[in-house]
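In: Okay, predicted coordinates and the sequence, questions at the end:
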Amino acid sequence: MTTSLTFDRRADARPTPPVRVPLSAITDDKAMLRAVVELTRDLNTPNPVIYWTDLLLSATTGYAGLAVAMTVGSVGWALVAAVVAILGLYRAGMFIHEVSHMKHSALPGFRTGFNLVVGIPLLVPSFMYEGVHNLHHAKTRYGTSEDPEYLPLAHMKPWTLPLFLLSSILAPVALLFRYAVLTPLSLVIPGMHATLVARYSSLSINPQFRRRMPDGDVAAQWRWLEGACSLWSITLIALVVTGVFPVHMFAIALGVASGVYVLNQVRTLVAHLWDNDGETMSVTAQYLDTVNVPPPALLPVLWAPVGLRYHALHHLLPSVPYHALNEAHRRLVTTLTPDSPYHKSNYAGLPGLVARLVRSTMGRRV
């Protein structure tokens with residue numbers, strides 16, 4: 001009796017890695033985009049009570065936590081208070097995103113209120129985001145070199161991510177220097193104001209981005225906000241130098257501010273998949289490169305506040321106020337079929353998103 005041995009080459013072969021489809025090759029899903037518009041027509045009106053209450057309660061919580069952190073005798077309680085301060089001020093600061101999108105006639109005075117309560121004290125006046133963030137939503141700019149808020153992080157070197165996070169730690173000192181030193185100098189040094197506007201007046205992550213000079217009403221608003229931030233910065237430094245504001249309290253305040261910027265930088269890391277190769281993209285492709293972290297996840301309420309847990313949906317509906325995004329998401333999830341691209345941008349939470357980005361960068365040689 002003879003025995004023959006046969007081998008299944010298919011079983012023995014290594015699996016073929018999936019072919020990566022460039023985002024720029026993805027066409028729009030018209031059924032999804034049509035549903036997004038039709039199902040959310042009644043959700044475009046901001047609720048002033050929600051906006052003002054949320055902003056003021058968040059800021060009050062943050063400043064109260066900061067006051068306790070600077071004055072309490074116990075290190076343990078100081079740390080707890082600092083965490084409360086970071087979360088409260090972070091949430092309050094995220095209203096700059098809403099300010100950059102809203103029709104100001106729908107919420108009279110809210111932009112001024114934001115600047116007085118948060119923007120000037122934290123040295124992030126609304127002009128640093130208005131006129132910048134809107135470019136990120138432009139269909140022909142998103143994910144390209146002209147997008148101020150995009151870097152192809154998933155395609156970059158392993159050291160990029162730690163550097164990206166570490167840079168945010170120094171943000172409070174950089175902002176103090178920008179307003180206390182560079183703003184006054186720009187009044188007397190020819191050409192310095194133009195450089196300050198172009199390179200140091202935007203909350204952006206693209207180092208190639210250059211901002212245009214403001215004009216008209218924008219320029220007038222810019223001047224008073226920049227002047228107020230400069231006066232506040234100089235006063236704060238003077239109070240520390242003269243001993244009126246104790247150095248250890250100032251250090252705690254800087255530490256809390258750094259915590260706010262680091263938390264925002266972590267959120268930024270997972271706001272997108274950062275997988276575009278620099279080409280223009282369809283709206284659907286932009287959506288798929290962006291992230292929702294909907295319920296049942298609970299922690300996004302803290303690290304992606306004021307509607308940012310629905311960041312991908314926000315890219316489809318940039319004019320819908322943050323408090324209506326949960327209802328918009330609910331309608332779309334229950335209406336769209338399981339094979340709709342809408343479901344592909346919904347993720348479980350922060351750890352998996354960070355791990356995905358780390359795996360992508362670690363696979364690249366230094």
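Out: Perfect, thanks for sending it.
In: Check which residues of stretch 156-176 are buried.
Out: Residues 156, 160, 161, 164, 168, 169, 171, 172, 175, 176 are the ones in stretch 156-176 that count as buried (16 or more other Cβ atoms under 10 Å). (Each C-beta comes from the backbone N, C-alpha and C, glycine too.)
In: Is the third one located within a helix, as I assumed?
Out: Yes. With DSSP: H, G, I helix; E, B strand; the rest coil as the criterion, residue 161 is assigned to a helix.
In: What is the least confident helix or strand in this structure?
Out: One helix or strand of the chain scores below all others by mean pLDDT, DSSP states H and E: helix 9-12, with a mean of 42.
In: Next, the residues that contact stretch 326-343 from outside, please.
Out: For stretch 326-343, contacts defined as Cβ atoms under 8 Å, 6 or more residues apart in numbering pick out 29, 31-32, 35-36, 39-40, 43, 284, 287-288, 292, 294-295, 310, 313, 317, 320, 346.
In: Now, of those, which are buried?
Out: 29, 32, 35-36, 39-40, 43, 284, 287-288, 292, 294, 310, 313, 317, 320, 346.
In: now residue 303: how far from residue 236?
Out: 28 Å (Cβ to Cβ, to the nearest Å).
In: and the buried residues of stretch 156-176, which of them are in strands?
Out: Among the buried residues of stretch 156-176, no member falls in strands (DSSP state E).
In: Tell me the helix or strand right after the biggest helix by length in the chain.
Out: Counting by DSSP state H, the longest helix found in the chain is helix 216-241. Next helix or strand after helix 216-241 toward the C-terminus (DSSP states H and E): helix 247-269.
In: elements contacting that next one?
Out: helix 48-71, helix 75-93, helix 160-169, helix 171-177, helix 216-241, helix 300-303, helix 350-362 (3 or more Cβ pairs under 8 Å, 6 or more residues apart in numbering; DSSP states H and E).
In: so who does the residue lying closest to residue 59 once chain neighbours are set aside touch?
Out: Leaving aside its chain neighbours, residue 59 sits nearest to residue 92 (4.1 Å; criterion: Cβ to Cβ, 6 or more residues apart in numbering). Contacts for residue 92 (Cβ under 8 Å, 6+ apart) come out as 55, 58, 59, 62, 117, 118.
In: ok, of the residues you listed, which one's closest to residue 98?
Out: residue 55 (9.0 Å; Cβ to Cβ).
In: List the contacts of the closest one.
Out: With Cβ under 8 Å, 6+ apart, residue 55 has these contacts: 92, 95, 110, 113, 114, 117, 118.
In: farthest pair in those residues?
Out: 92 and 110 (12.6 Å).
In: In the stretch 251-366 of the chain, where is pLDDT below threshold?
Out: 363-366 (pLDDT under 70).
In: meant to ask about the stretch 1-150 of the chain
Out: In the stretch 1-150 of the chain (pLDDT under 70), the answer is 1-20.
In: Give me the distance between stretch 330-349 and the centre of its chain.
Out: Put simply, stretch 330-349 sits 22 Å off its chain's centre (Cα atoms, centre = their mean, to the nearest Å).
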